[in-house]
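> Sequence isn't available, so here's the structure alone:
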């Protein structure tokens, strides 16, 4: 079977600036991959991420050999974990479902739930602005709070006061020192914290060794593929799976099983992306302890038929959007 592959850059404007400790973005710059064979078309999307040395141009360059390959599956497997492999891997999963009549849910044993609680994010800003943002989403069960080293306690208190019925994921994106984290221990223990996500730089993981916090610490930038998991024991109690880090659904499914076998709690996360990039992660989210999949919620305009995030819950995309199979009668499964 001959598979034709095409790729292109796409920029999705955001409805508001998205700030974290490393910077701010006003658009989601992604790479779309399309894989075609026998009249069927599969699509995938990834987010090149500067934290890992990726740009849109570098990801497009990585994908160039696959455009002319006679064995696209092998070309995909040869790519390193990251955004390039993710875009192609997702396109191949979608194409395979449409060609074989076996949905991604059936092939992985990971069905998409009809409704899924997701964290919704309060972007880094002044305490007053973050409190106002939290108040506008106070009916969400789970709120992610983006923080930096600058007065995190004031920002935490502002968000907690504005959303008294929510639980929180605290995410400094590697922006704290161990002294900041330890100094916030009692405040964090008093708040309804679900997770503290990647508080320290990845190369400072050793400072968490043997530390016993009264909350769960989750690895994000410190974990990419299944081979990273064992070294995190004794430092983290949870891990964040993202398709752009694992390099696609293939590795992510295996990593989900490996993380659970090692006793980690699992959160399925995403970058700021469209529904095309996040819909595949719903398969993982339904089998995870937490989901942080509000990426499309930040877009000014998403794909028609994509997923929806309302009141902190995800409604899956319309049938046929991604990963569904087609019966002989032309019905979506």
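Yes, it's here. What you see is a predicted model; the values in this text were computed from it and never measured.
> Against residue 104, how distant is the residue nearest to residue 4 when sequence neighbours are not counted?
Nearest residue to residue 4, sequence neighbours excluded (CB to CB, 6 or more residues apart in numbering): residue 36, at 4.7 Å. Backbone N, C-alpha and C define where each C-beta goes, glycine included. To residue 104, residue 36 is 18 Å away according to CB to CB, to the nearest Å.
> same question, residue 114
In terms of CB to CB, residue 114 sits 16 Å off from residue 104.
> Look at those two and report which has more neighbours.
For residue 114 and residue 104, the more surrounded residue by other CB atoms under 10 Å is residue 104, and the numbers stand at 24 against 9.
> residue contacts, that one?
Applying CB atoms under 8 Å, 6 or more residues apart in numbering to residue 104 gives the contacts 93-94, 97, 110, 249, 280, 283, 322-324.
> Compile those residues into CSV and extend it with columns for pLDDT and neighbour count.
Formatted as CSV, the contacts of residue 104 follow (pLDDT from 0 to 100; neighbours: other CB atoms under 10 Å):
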residue, pLDDT, neighbour count
93, 98, 26
94, 98, 27
97, 97, 23
110, 97, 20
249, 98, 26
280, 98, 26
283, 98, 26
322, 97, 29
323, 97, 26
324, 93, 20
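> Might you specify the subset of the residues you listed located within helices?
Among those, the ones falling in helices (DSSP state H) are 93-94, 97, 249, 283.
> Go through those and say which is closest to residue 276.
For these, the residue nearest residue 276 by CB to CB is residue 94; the value is 9.4 Å.
> for whichever strand or helix holds residue 64, packing partners?
Per DSSP states H and E, residue 64 falls inside helix 56-67. Applying 3 or more CB pairs under 8 Å, 6 or more residues apart in numbering; DSSP states H and E, one finds that helix 56-67 contacts strand 4-20, strand 23-37, helix 72-78, helix 83-100.
> Tell me the buried residues in the longest one?
Right, helix 83-100. Buried residues in helix 83-100, counted by 16 or more other CB atoms under 10 Å: 83-99.
> for the third one, same thing?
Within helix 72-78, the residues that qualify as buried by neighbour count (16+ other CB under 10 Å) are 72-73, 75-77.
> which among those gets closest to residue 258?
Of all the buried residues of helix 72-78, residue 258 sits closest to residue 77, with 18.1 Å by CB to CB.
> quick one, what contacts that closest one?
Counting by CB under 8 Å, 6+ apart, residue 77 touches no other residue.
> Name the residue closest to the centre of this structure, please.
For the chain, the residue nearest the mean C-alpha position is residue 270 (1.4 Å; CA atoms, centre = their mean).
> low-confidence ranges in the protein?
Along the chain, segments meeting pLDDT under 70 span 1, 326-333.
> Quick one: the strands in it, in order.
Ranges of strands within the chain are 4-20, 23-37, 40-46, 116-117, 120-122, 142-146, 167-171, 193-197, 217-219, 238-241, 265-269, 290-292, 308-310, 313-315, based on DSSP state E.
> hang on, the earlier thing: could you report the separation of the residue nearest to residue 4 from residue 44?
As defined by CB to CB, residue 36 lies at a distance of 12 Å from residue 44.
> wait, which of the contacts of residue 104 is closest to residue 148?
residue 280 (30.5 Å).
> tell me the contacts of the closest one?
By CB under 8 Å, 6+ apart, the contact set of residue 280 is 44, 90, 93, 104, 243, 249, 322-323.
> Give the burial count for residue 214, as a bare number.
So residue 214, with other CB under 10 Å, has 10 neighbours.
> Test my guess that it contacts residue 187.
No: between residue 214 and residue 187 no contact is recorded; they are 11.0 Å apart, counting by CB atoms under 8 Å.
> Neighbours of residue 144, how many?
24.
> surely it meets residue 290?
No: assessed by CB under 8 Å, residue 144 is found out of contact with residue 290, at 9.8 Å.
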